[in-house]
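Give me a model of this one.
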Amino acid sequence: MINAHNDLTGLGGSLPRGPVLDAISAANESFLEVESLSDAAGRAIAGMLGIEAALVTPGAAAATVLATAACITEGKKDRVARIPDTTGLRHEFVVQAGKRTFYDRCLEGAGGRIVLAGDDRSTSDADIESVIGERTAAIFFYAPGAPNVVPFDRVLKIAKRYDLAVIVDAAEQVYPLENFSKYVRAGADFATYSGKFFGAGSMAGILTGTAAGVAAARMNSYLAFEGPDAQAFGRHMKVGRTEIVAAYAALKTWLEMDHGQRFRRYRRLMDNMRSRLEGFPFLRFSYADGSVTADPKPPDSLRVTFDRSRSPKSLAEVVKELHAGEPCVILRPHYQWVDPDRDHLDIRVSTLAEGQERIIADRLAEILGG
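Numbers count the residues shown, from 1 in each chain. A predicted model of the protein is given here:
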């Protein structure tokens, strides 16, 4: 299929290339001690980012689970052996109801309990403080935030006032590059990142944080399960040698990449599609940023807006025909959930190979009768 949607796990995440594939191939040449490799990768990643510590995990969701486990167990072996039984322990995690996502369910993976602050319309500082109690372990912040919730800097202040940890879900916050370190440098105890957004494939993630925090997370991971004192619950979150080296090599490549050249390539692919489709009088074109970040940056998506009164087919029909055709094309909106009031589709080019943008444009022209 042609993926013009995003680095979705359900579509394979991302495609490792170049140095990342070389690293994976090298890792498959021999056996090794995975614990030593993981620790070395963590030190190297922390060094590249200029932070205290890092741990390669099987995705950002697992990183969040391990961060919550660290907050609950606080580096104490007897607690590590207990979870997910959190009876009598601080195990509540404050989530702003004004910006919930299904990813915050990961807070429950180690025995945590989600406590909502505010409502689905908004969350205020007072809302957060009103739900903090003796069982509160941390405040969860979904980056980059939203206008109707408490911003990161004020969340930090509240957490510090109540001596609570802060966990930042920064899974997609991989550009600008300072996003990799700004949250923990500012005072967050943990920040999580998904490897698929910087070319590490689908099964790697990174947990960053303080040295004490990451060490406590490691005590609950699969690394602590091996050996004579195997009591950690995190055996099911194993990371193989290929995922570890993929995370390291992909991050190194991403940090050293010419991102200006990357965005110029995106614009060229978008312009190619626009040139092919501009003859349709019921279509309008603009350029959009398809990533979930607040930082201004060049666009990565061609937005095609339909004049529904003149278009021969509805947006839902177009999207479904793209999916059913050969080759299969998936873009935004996804063919399985098309809002009937939506009047535009977004073709994200960051996941396209050279030439695929022309295939998409030709398919659209065919579907629309051109």
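
Just the strands from the stretch 101-250 of the chain, written as ranges.
Listed in chain order, the strands of the stretch 101-250 of the chain (DSSP state E, counting those that start in this stretch) span 113-117, 136-142, 165-169, 190-194, 205-209.

would a markdown table of these with distance to residue 295 and mean neighbour count be doable?
(C-beta placed from N, C-alpha, C; glycine too.) Below are the strands of the stretch 101-250 of the chain laid out as a markdown table (distance: least, C-beta to C-beta, whole Å; neighbours: other C-beta atoms under 10 Å):
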| stretch | distance to residue 295 | mean neighbour count |
| --- | --- | --- |
| strand 113-117 | 25 | 17 |
| strand 136-142 | 15 | 24 |
| strand 165-169 | 15 | 28 |
| strand 190-194 | 15 | 30 |
| strand 205-209 | 18 | 29 |
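
so which of the ones you listed comes closest to residue 126?
Checking the strands of the stretch 101-250 of the chain against residue 126 by C-beta to C-beta gives strand 113-117 as the closest, at 9.1 Å.

other SSEs contacting the closest one?
The contact analysis (3 or more C-beta pairs under 8 Å, 6 or more residues apart in numbering; DSSP states H and E) places strand 113-117 against strand 92-96, helix 125-131.

what's the longest one packed up against?
In this case it means helix 125-131. Under the contact rule (3+ C-beta pairs under 8 Å, 6+ apart), helix 125-131 is packed against strand 92-96, strand 113-117, helix 152-161.

can you redo these as a markdown table with mean pLDDT and distance to residue 32?
Shown next, in a markdown table, are the helices and strands packed on helix 125-131 (pLDDT from 0 to 100; distance: least, C-beta to C-beta, whole Å):
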| stretch | mean pLDDT | distance to residue 32 |
| --- | --- | --- |
| strand 92-96 | 98 | 36 |
| strand 113-117 | 98 | 39 |
| helix 152-161 | 98 | 38 |
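
Work out the gap between stretch 121-132 and the centre of the chain.
Distance of stretch 121-132 from the chain centroid (C-alpha atoms, centre = their mean, to the nearest Å) equals 25 Å.

That stretch - what's its average pLDDT?
Confidence over stretch 121-132 (mean pLDDT, whole number) is 98.

Can you tell me the closest non-neighbouring residue to residue 213?
Closest residue to residue 213 apart from its sequence neighbours, by C-beta to C-beta, 6 or more residues apart in numbering: residue 189 at 4.7 Å.

same deal with residue 24?
residue 242 (4.7 Å).

quick one on the thing from earlier: can you say which of the strands of the stretch 101-250 of the chain is nearest to residue 308?
Of all these, strand 136-142 sits nearest to residue 308, with 33.2 Å by C-beta to C-beta.

Which secondary structure elements does that closest one sit against?
Packed against strand 136-142 by the contact rule (3+ C-beta pairs under 8 Å, 6+ apart) you find helix 60-73, strand 92-96, helix 152-161, strand 165-169.

at 10 Å instead, please
In terms of contacts (3 or more C-beta pairs under 10 Å, 6 or more residues apart in numbering; DSSP states H and E), strand 136-142 is packed against helix 60-73, strand 92-96, strand 113-117, helix 125-131, helix 152-161, strand 165-169, strand 190-194.

The residue nearest to residue 24 is in contact with residue 248, isn't it?
No: using C-beta atoms under 10 Å, residue 242 makes no contact with residue 248, being 11.1 Å away.

for the stretch 251-370 of the chain, what spans make up the strands?
Using DSSP E, counting those that start in this stretch, strands in the stretch 251-370 of the chain cover 283-288, 301-306, 329-331, 344-348.

wait, which of these is closest to residue 102?
Closest to residue 102 of these is strand 329-331 (C-beta to C-beta; 19.7 Å).

Average pLDDT for that closest one, rounded please.
Mean predicted confidence for strand 329-331 is 96.

list the buried ones in stretch 328-345?
Using 16 or more other C-beta atoms under 10 Å as the test for burial, stretch 328-345 gives 329, 330, 331, 332, 333, 335, 338, 344, 345.

Check stretch 153-166 too.
155, 156, 158, 159, 164, 165, 166.

now that stretch, how far from the chain's geometric center?
Centroid separation between stretch 153-166 and its chain, computed with C-alpha atoms, centre = their mean, is 23 Å.

Need the CA coordinates for that stretch. CSV is fine.
Provided in CSV are the C-alpha atoms of stretch 153-166 (Å, rounded to 0.1, in the frame of the first residue of the first chain):
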residue,chain,number,x,y,z
ASP,A,153,5.3,25.3,32.6
ARG,A,154,2.4,25.7,35.0
VAL,A,155,2.0,21.9,35.4
LEU,A,156,5.7,21.8,36.5
LYS,A,157,5.1,24.5,39.1
ILE,A,158,2.1,22.7,40.5
ALA,A,159,4.0,19.4,40.6
LYS,A,160,7.0,21.0,42.4
ARG,A,161,4.7,22.6,44.9
TYR,A,162,3.2,19.2,45.8
ASP,A,163,6.4,17.2,45.4
LEU,A,164,5.0,15.2,42.5
ALA,A,165,6.6,13.7,39.4
VAL,A,166,5.7,14.8,35.9
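
what's the closest non-adjacent residue to residue 272?
Distances taken as C-beta to C-beta, 6+ apart place residue 357 nearest to residue 272, at 5.1 Å, with adjacent residues excluded.

The one you found: neighbour count?
For residue 357, the neighbour count with other C-beta atoms under 10 Å is 24.
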